[in-house]
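**Student:** mind folding the following:
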Amino acid sequence: MRTSRLMLLFAGVVLAGTRPARAQDSQFGIRGLGIPGRWESVRARTTGGAFAAFDAASALADAAMVESTVLTSTLVVAPSFRSVDTPFGDADLRATRFPLFTVSGTIGRWAVGGGFSTYLDNSYEVITRDSALVRGEMVSFVDDFASDGGVSDIRFAVARRIGPRLALGLGLHAMTGSARITAVRVFTDTGRYATVRDTQLVRQTGFGVSASALLTPSPRLSIIGYARGDDEFKTKLDRNEVGTIDLPNMFGGAVRLTLGQNARLAGSVTYRPWSISGPGAFNTLNWSAGLEVGSSVTAIRLGGRAGQLPFGPGTSPPAEWGVAAGLGRVFASRHGVMDVGIERLVRTGSGLEEVVWTVLIGFTIRQ
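**Tutor:** All right, here's what the predicted structure looks like:
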């Protein structure tokens, strides 16, 4: 009980000290569609994402739901603290997100689940100073360009065991979201020139399908392959349809090895050809490795990840690497689970760098 109380106190302190923040996300999402979300529970994310494909509370591989035999719901809270370093200056930013909610259970021989997660986060704010020739004289001004919004992924999935060693999963996805784009120009000489403001609402919708296969050749070894096909974003500017944007497919696999009664090791790799989305987008290859040690009541986790981001300045994809660690605790006669952790990400590319610390808090309720 002492461990559970400490975890609850930790979560309360963090949530009390954070608040939702507008337009304070990654600078590497400004030139593209945004920053891709992580479809991972806190348990999976604190192992660097290595266990996400085997985790029924994550939204990566639908076949993993067969490993959960009771009705289970999970919510993730993720306050982040960002240090941004650019050639034009530094900044410290913070934001709070709710990136994942999942529900899964069984109906007869089928595992059924769904929920929502962040597909893309498209929030940022850029302030620049410049001057222009107006009526024969140079006039200085400040431009404030901001985007506030993102795209959510709503999922419905089913899975079923096909014999003792094989399970298959299938998911349907509806992506929907919007971003409010605001541009403000403030002239230095406010007495002669009025402030100019323009606001537009960009709406995006799309659909996708996912499939996965979980193979368990032995009690100590599990292998899973997963794929996802997303069609395109239909984009509307205010009420007018302005076109479509192609979305990438996804291909990946993971391996989990049970080292002993209380130790598990996993690794995964995922590829997404984001370059199909248009100029300035890059294909990404990301990998992760993680370790979980502990019993079914208390577990300690750690892991690392590395790869690329799909959008950013320059001619090559920005690089990203990170480490994470966390703790999980079961309480309330195994009906409740609380997971907490900390993640550190470093992103670099074309003279830009940012370091992101994210506090991870997960609440799970079992029937």
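
**Student:** can you list the strands that the longest strand seen in the chain pairs with?
**Tutor:** Longest strand in the chain by number of residues, with DSSP state E as the criterion: strand 137-161. Applying DSSP bridges to the sheet, strand 137-161 is found paired with strand 110-121 (antiparallel), strand 124-134 (antiparallel), strand 166-187 (antiparallel).

**Student:** rank the ones you listed by pLDDT, which is bottom?
**Tutor:** Out of those, strand 124-134 stands lowest, with a mean of 82 (criterion: mean pLDDT).

**Student:** okay, that strand in PDB with CA atoms only?
**Tutor:** C-alpha atoms of strand 124-134 as PDB (Å, rounded to 0.1, in the frame of the first residue of the first chain):
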ATOM      1  CA  TYR A 124       3.000  25.700 -32.500                       C
ATOM      2  CA  GLU A 125       3.700  29.400 -32.400                       C
ATOM      3  CA  VAL A 126       6.300  31.400 -34.400                       C
ATOM      4  CA  ILE A 127       7.100  35.100 -33.800                       C
ATOM      5  CA  THR A 128       9.400  36.900 -36.300                       C
ATOM      6  CA  ARG A 129      10.500  40.500 -36.700                       C
ATOM      7  CA  ASP A 130      10.900  42.100 -40.100                       C
ATOM      8  CA  SER A 131      10.400  45.300 -42.100                       C
ATOM      9  CA  ALA A 132       8.800  46.200 -45.500                       C
ATOM     10  CA  LEU A 133       8.700  49.100 -47.800                       C
ATOM     11  CA  VAL A 134       5.300  50.900 -47.300                       C
END
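
**Student:** start the count at 40 instead of 1 going forward.
**Tutor:** Let's use 40 as the start, then, which means that last one is strand 163-173.

**Student:** report the beta-bridge partners for the residue lying closest to residue 233 once chain neighbours are set aside.
**Tutor:** Of all residues not flanking residue 233 in the chain, residue 226 sits nearest, at 7.8 Å (C-beta to C-beta, 6 or more residues apart in numbering). Bear in mind the C-beta positions are built from the backbone N, C-alpha and C, glycine included. Judged by DSSP bridges, the bridge partners of residue 226 are residue 180.

**Student:** list the buried residues for the longest strand of the chain?
**Tutor:** 180, 184-192, 194, 196-200 (16 or more other C-beta atoms under 10 Å).

**Student:** farthest-separated two in those?
**Tutor:** The most widely separated members of the buried residues of strand 176-200 are 180 and 200, with 63.9 Å between them, by C-beta to C-beta.

**Student:** returning to what we had before: out of the buried residues of strand 176-200, flag the one nearest to residue 274.
**Tutor:** residue 190 (10.8 Å).

**Student:** not counting its neighbours along the chain, what's nearest that closest one?
**Tutor:** residue 216 (3.4 Å).

**Student:** quick one: contacts for that neighbour?
**Tutor:** 158, 159, 161, 188, 189, 190, 191, 242, 243 (C-beta atoms under 8 Å, 6 or more residues apart in numbering).

**Student:** who does the second one form a beta bridge with?
**Tutor:** For residue 159, the beta-bridge partners under DSSP bridges are residue 75, residue 190.

**Student:** quick one: it and residue 84, what's the gap?
**Tutor:** Relative to residue 84, residue 159 is positioned 18 Å away (criterion: C-beta to C-beta, to the nearest Å).

**Student:** and the two? which has more neighbours close in?
**Tutor:** residue 84 (34 against 24; other C-beta atoms under 10 Å).

**Student:** report how many residues lie close to the nearest residue to that one once chain neighbours are set aside.
**Tutor:** Leaving aside its chain neighbours, residue 84 sits nearest to residue 399 (5.7 Å; criterion: C-beta to C-beta, 6+ apart). Neighbour count for residue 399, taken as other C-beta under 10 Å: 25.

**Student:** residue 349 too?
**Tutor:** For residue 349, using other C-beta under 10 Å, the count is 25.

**Student:** please apply the same query to residue 351.
**Tutor:** 25.

**Student:** distance of the spatially closest residue to it that is not a sequence neighbour from residue 71?
**Tutor:** Nearest in space to residue 351, with sequence neighbours left out and distances taken as C-beta to C-beta, 6+ apart, is residue 357 at 3.9 Å. Computed as C-beta to C-beta, the residue 357 to residue 71 distance reads 11 Å.

**Student:** need the overlap of contacts for these two.
**Tutor:** 350, 351.

**Student:** helices of the stretch 240-389 of the chain, start to end?
**Tutor:** Remark: no helices are assigned in the stretch 240-389 of the chain by DSSP state H, counting those that start in this stretch.

**Student:** quick one: the strands in it?
**Tutor:** Here the stretch 240-389 of the chain has its strands, by DSSP state E, counting those that start in this stretch, at 260-269, 271-276, 279-285, 289-299, 302-311, 323-333, 337-347, 358-370, 375-388.

**Student:** tell me which of those lies nearest to residue 204.
**Tutor:** Per C-beta to C-beta, nearest to residue 204 of these: strand 260-269, 9.7 Å.

**Student:** report the angle between the axes of the closest one and strand 289-299?
**Tutor:** Here strand 260-269 points in a direction 160 degrees away from that of strand 289-299 (axes from the mean of the first three to the mean of the last three C-alpha atoms, to 10 degrees).

**Student:** list of residues touching strand 260-269?
**Tutor:** Contacts of strand 260-269 (C-beta under 8 Å, 6+ apart): 92-93, 99-103, 210, 212, 214, 245-256, 286-297.

**Student:** what's the local residue count around residue 131?
**Tutor:** The burial count for residue 131: 9, using other C-beta under 10 Å.

**Student:** if the closest residue to it other than its chain neighbours is in a bridge, with which residues?
**Tutor:** In space, and not counting its chain neighbours, residue 131 is closest to residue 122: 5.6 Å by C-beta to C-beta, 6+ apart. When assigned by DSSP bridges, residue 122 has beta-bridge partners residue 131, residue 394.
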